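S.K.: have a look; sequence and predicted model below, questions after that.
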Amino acid sequence: MLKMFLTSVLNLFRKPATHLYPFEPYEPFEDYRGRIVWNEEKCTFCMRCEMVCPPGAIKIMIMEDDTKRWLWNPAQCIYCGECVRNCPFGALTQENQYSPPLDKSNKRDWSEIEREAERLKLLWRERLRKKSQAKKSS
Amino acid sequence: MSIFALSRVKSPWILHYDTGGCNGCDIEILAVLTPRYDVERFGMINRGNPKQADVFLVTGPVTKRCRERLINLYLQVPEPKVVVAVGSCACDGGVFRNMYNVENGVDKVIPVDVYVPGCAARPHQIIDGVVKALEILSKKTKENIELPEYIKERFPSLNDRRKVLEEMRKR
Amino acid sequence: MDFLLPASLLVLSPLIGGLLEGTFRKLNARMQNRVGPPIVQPFYDLFKLLQKRPILINNYHVIMAYAHLVAMVIALATFLLGGDFLLVIFFHGMSLALLSMGAYGVRSSYSQVGATRELLHILAVEPVLIMIAANLYLNTGTFLLSEIFNSNFLFKSMPLAFLALVAVLPAKLKKSPFDVSEAHQEIIGGPEIEYSGPFYAPIYLAKWLEEVLSAGLIAMFFLGNPVITLIAISVTFTFVLAVDNSTARLSYWDMVKYTWEISIPLVLVNLVLNYVGVL
Amino acid sequence: MASESKNKTREIQIKEKVYTTIPFGSQHVALPEPIKFIFDTENEIVKEIKFDIAYVHRGIEKALTTMFDFRKAPYVVGRVCGICSAAHTIPCAVVMERAIGIDREIPDRAKAIRMIALEINRLQSHFLINGHLAEVCGYENVFMHIWRDREMIMDLADMLFGNRVQYDVVCVGGVNRDIPKDKERVLLDKLNEIEKSVEFMEKIFTKDRTLVSRLKGLGVVSKEMALEYGIVGPMARASGVKTDCRVEDDWGLYKDLGFEMVTMEEGDSLARCLVRVRECYESIRIIREAIKSTEEGEISIKVTANPKYEAVCRNEAPRGELFYYVKGTGGIMPDRVRIRTPTLANIPILPEVMKDVSYNDIPPLLMSFDPCIACTGR
Ligand code: SF4
Ligand code: SF4
Ligand code: SF4
Ligand code: SF4
Ligand code: SF4
Ligand code: SF4
Ligand code: SF4
Ligand code: SF4
């Protein structure tokens, strides 16, 4: 009781322990597990990252003209770093900056993307099957 | 800015509800109130009372059982209000996505204004999110009544909805 | 005392009360080693509350909130304009009673528990105030505050009564260790829980007025030199806040027990000492 | 006879008495998690308690057998609970290793890092709950001070593992990041400061009169009761039951480092609180020893096989025994995963100790049992 009383009164004359974020900038620790950065040049679309990601925050879309897109959802990612450790080509890195908040305007509808990716993958498999069949028959 | 518009932004009282997340983000929300981050700087206090809240912080992927309570709490918060989904699992389900007892995120149940990613969302992210939410709040007034999806489902016609709104106004 | 000062104090009391509350919150935060809200924060809160969509539970409930405010205003006005001290105590008690009546009027059990506890607050605070009034009468020969205000530095003749007042101040201002009726972690604000938006505003405002009234009660003991009065008020409030920050909440029976066991004997001793003529 | 029937009517009368029902949860400030208690009270004395714990059921056990392969499992079970995230990931990884049959090959350095993660986790959890306990007693200042100091531990976790809450450092086969030398030094420095703040906490919880008067003698659990209800963790140790999975299971190096169990005899809320405070000293000591005893080196081994055996692992989470069971069939996903969590074991005793307690003592009593529900429903 007395101790807290003294602490309280003394605290009036001490500097508060508060860090005045966002007015004072904050620099995260050097290897904080933050955003995932994808390097398009190195990526071979091997799909390993999509496979190892626990929550399924990475989706690779194989479009109908066989171009490929790599999508990552910051609002779904659990920032475990598993994709970075598992990418065989070093195409992924993890920044030490945390993701900014999103709102309706810039948040992706992930269910839509999941469905679309699934659909496109089926089409792709179909195309592969057809191609191999064509090869066999020729 | 008039004193009224200013006061709307300067005095966000928060309500916090965990809809089945892992506590990680809840504890970070608590940490945001403590000396290191001290969001009382922005006038934020945790009233724990939906009727006196402006900012509704929701964590967790919304389990089936929490759904009705979440809607209930949402309806009890008087307008103007903003809803902030804190943590990846509140945004899109996070690691719990597609498990059999979850709804995959808060915005499947009630309208969400700001999404704070991160697992766990760190205090800085939560502060950023709330600051962003306050921007949205400053544009809202007590006339902006947004209804949760389920009411829209249950009352598809505009007339029905108007009735619900009137009921809500009367309460 | 002339009329102008008390009247202007009364008109400005919401402003003073708001600043007082803001200072409390700031000091409180600093005692907890954090920065805290700006001093004008309570005004932001009040204006925000006025802009919220009203949610009406029932008319009775809301009327009681306004009645609570009105009774508090009357208590403060009576005090500042130099009315009867007993009347001040009566209206102060009544305003709390009205609040708890309103709280009984809704079905939430937190509200009802809070209402019961609010009544216990009255039980703890009012007897002590009445004893202080009796002591004042012994010293000044009147219950009329306008005459009591003419006396100089009452603290000299009734220090123990002042200590008794300080002992009940936490209960009066709902600060720890005697904040049982608000008890945020148990009953989430107690009697206030069902009030929202514009209907919560009168209660919020009444809280400021109560702080002004408490400041007035403290000032009553230190009249004469305005500097000493101000110092006395700030020291006392800082002390109360520091106690708030260095105690856990006691149970409601402990509250009644402690206030009675400490404050009432203190005033009694003071009475006897006055009577015998030692002080 | 007459008196007997009279007694009976009186009993019936008592039963018919109208109680004031106070719901506590599923949303309440004193308890951030969705659990619901319903207290039937009479003059604020609690007479009957009902509770409902299944608000947070997400189906993690099921998902581990249908959605995630075993390598992802530690990351998933970390999200069973964010307060003792490391406490979940470790036994999960260990149980998978046992089911594969590689648990003997885990390098010592990995074990040491796991221990450090667990003990840092325990430290922050104990700070958290003791601060929260002060808060629900209405002692806001102590809460603020303890949580201010807790930030030091959070910073440590942030620095060492890259996240404040979910460390995600444990994986099947070892750990996925090492602690370099310079970080070790920072860690050791910080531990001294943390030790000071543990001392502060101990002083408050033993000396502060208002706090002690509220907690002492509240919710006494005798040793027999503790054994009968099978409560675990610091709650059991506060009643004098010698149980601690850190010495009962051997996934770590605790035995080599000379672990000492903290027990007390009183069994009241204060004792539960003090056991936690004193465990902090032990945790700090263990971290120091763990750093000293191992060198930088191998931190994981390659996992090639799938889990094929049945295995269990017990771990001492901050709140007591955590039990993992896995049945592998050689597939990429195990056949059955079972998680038995400490809070689940500690809840059945609550109605017993809460009976006839005044409602204003309920939050401290509840918090002294440290219930957190995230894992109870899984
Ligand atoms: S694992 Fe790497 S290379 Fe493969 S798809 Fe992902 S980013 Fe591209
Ligand atoms: S960090 Fe983890 S959750 Fe995020 S994308 Fe990579 S693997 Fe997925
Ligand atoms: S986002 Fe992650 S840390 Fe936060 S509640 Fe969800 S699972 Fe837990
Ligand atoms: S407070 Fe009671 S009566 Fe009112 S909506 Fe909730 S459950 Fe129904
Ligand atoms: S008991 Fe087993 S099979 Fe039946 S519903 Fe539950 S989980 Fe499914
Ligand atoms: S033995 Fe116990 S755990 Fe197993 S099914 Fe029966 S009740 Fe459940
Ligand atoms: S007991 Fe369960 S809910 Fe509580 S901290 Fe541990 S894992 Fe989390
Ligand atoms: S843990 Fe048991 S009681 Fe709880 S939700 Fe799951 S099945 Fe139901």
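M.R.: Ah, there it is. Residues are numbered from 1 along each chain as shown, chains lettered A, B, ... in the order given. Ligands and ions are numbered 1, 2, ... in the order given.

S.K.: following the helix or strand hosting D:R114, which helix or strand comes up?
M.R.: Using DSSP states H and E, D:R114 maps to helix D:108-136. Note on helix D:108-136: by DSSP H and E, the next helix or strand toward the C-terminus is helix D:140-161.

S.K.: for chain A, which segments count as strands?
M.R.: A:36-38, A:58-62, A:68-72, A:92-94, A:102-103 (DSSP state E).

S.K.: before we move on, what about chain B?
M.R.: Going by DSSP E, chain B shows strands at B:13-18, B:45-46, B:55-59, B:82-86, B:114-116.

S.K.: rank these by pLDDT, which is bottom?
M.R.: Comparing mean pLDDT across those, the weakest is strand B:45-46, with a mean of 82.

S.K.: is any residue of the helix or strand bottoming out on mean pLDDT in chain A near chain C?
M.R.: In chain A, no helix or strand scores lower on mean pLDDT, DSSP states H and E than helix A:2-11, which sits at a mean of 72. Yes: against chain C, helix A:2-11 shows contacts by CB under 8 Å from any CB of the partner chain at A:L2, A:K3, A:M4, A:F5, A:T7, A:S8, A:V9, A:N11. Yep, even glycine has a C-beta here, placed from its N, CA and C like the rest.

S.K.: ok, of those, which come out buried?
M.R.: Neighbour counting with 16 or more other CB atoms under 10 Å in any protein chain shown marks A:M4, A:F5, A:T7, A:S8, A:V9, A:N11 as buried within the residues of helix A:2-11 next to chain C.

S.K.: just put those in CSV and tack on distance to chain D.
M.R.: Formatted as CSV, those follow (distance: CB to the nearest CB, whole Å):
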residue, distance to chain D
A:M4, 6
A:F5, 10
A:T7, 7
A:S8, 6
A:V9, 11
A:N11, 9
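
S.K.: nearest to C:I130, of those?
M.R.: C:I130 lies nearest to A:F5 out of these, by CB to CB, at 29.9 Å.

S.K.: list the contacts of the closest one.
M.R.: C:A242, C:V243, C:N245, C:S246 (CB atoms under 8 Å, 6 or more residues apart in numbering or on different chains).

S.K.: got the residues of chain A near chain D?
M.R.: Close to chain D, as judged by CB under 8 Å from any CB, chain A has residues A:1, A:3-4, A:7-8, A:17, A:28-29, A:31-33, A:52, A:54, A:78-82, A:85.

S.K.: how does it look with 10 Å?
M.R.: A:1-5, A:7-8, A:11, A:16-19, A:28-34, A:51-56, A:78-82, A:85-86, A:94, A:96, A:98 (CB under 10 Å from any CB of the partner chain).

S.K.: helices and strands around whichever strand or helix holds C:L9, which ones?
M.R.: Using DSSP H and E, C:L9 sits within helix C:4-31. Helix C:4-31 sits against helix A:2-11, helix C:41-51, helix C:59-80, helix C:197-221, helix C:226-244, helix D:140-161, with contacts defined as 3 or more CB pairs under 10 Å, 6 or more residues apart in numbering or on different chains; DSSP states H and E.

S.K.: buried ones in it?
M.R.: Result for helix C:4-31 [16+ other CB under 10 Å]: buried residues C:6, C:9-10, C:13-14, C:16-31.

S.K.: from ligand 8, how far out is C:L163?
M.R.: Distance, C:L163 to ligand 8, using CB to the nearest ligand atom, to the nearest Å: 55 Å.

S.K.: and if you look at D:I339?
M.R.: Going from D:I339 to ligand 8 by CB to the nearest ligand atom gives 9 Å.

S.K.: of the buried ones among the residues of helix A:2-11 next to chain C, just say which sits nearest to chain B.
M.R.: A:N11 (9.6 Å; CB to the nearest CB).

S.K.: report the contact partners of the closest residue to chain D within chain B.
M.R.: Nearest residue of chain B to chain D: B:G24, at 2.4 Å (CB to the nearest CB). Taking CB atoms under 10 Å, 6 or more residues apart in numbering or on different chains, we find B:G24 in contact with B:59, B:86-87, B:89, B:118-121, D:78-79, D:81-83, D:85, D:163-166, D:374.

S.K.: show the model's pLDDT score for the closest residue in space to C:L81 that isn't next to it in sequence.
M.R.: Leaving out its chain neighbours, the residue that sits closest to C:L81 by CB to CB, 6 or more residues apart in numbering or on different chains is C:P6, at 5.3 Å. Looking at C:P6, its pLDDT is 74.

S.K.: between helix C:226-244 and the least confident helix or strand of chain A, find me the angle.
M.R.: If you take axes from the mean of the first three to the mean of the last three CA atoms, to 10 degrees, helix A:2-11 sits at 130 degrees to helix C:226-244.

S.K.: could you list the buried residues of the longest helix belonging to chain B?
M.R.: For chain B, the helix with the greatest residue count under DSSP state H is helix B:123-139. For helix B:123-139, burial by neighbour count (16+ other CB under 10 Å) applies to B:123-134, B:136-138.

S.K.: same deal with stretch D:226-235?
M.R.: Residues of stretch D:226-235 classed as buried by neighbour count (16+ other CB under 10 Å): D:A226, D:Y229, D:I231, D:V232, D:G233, D:P234, D:M235.
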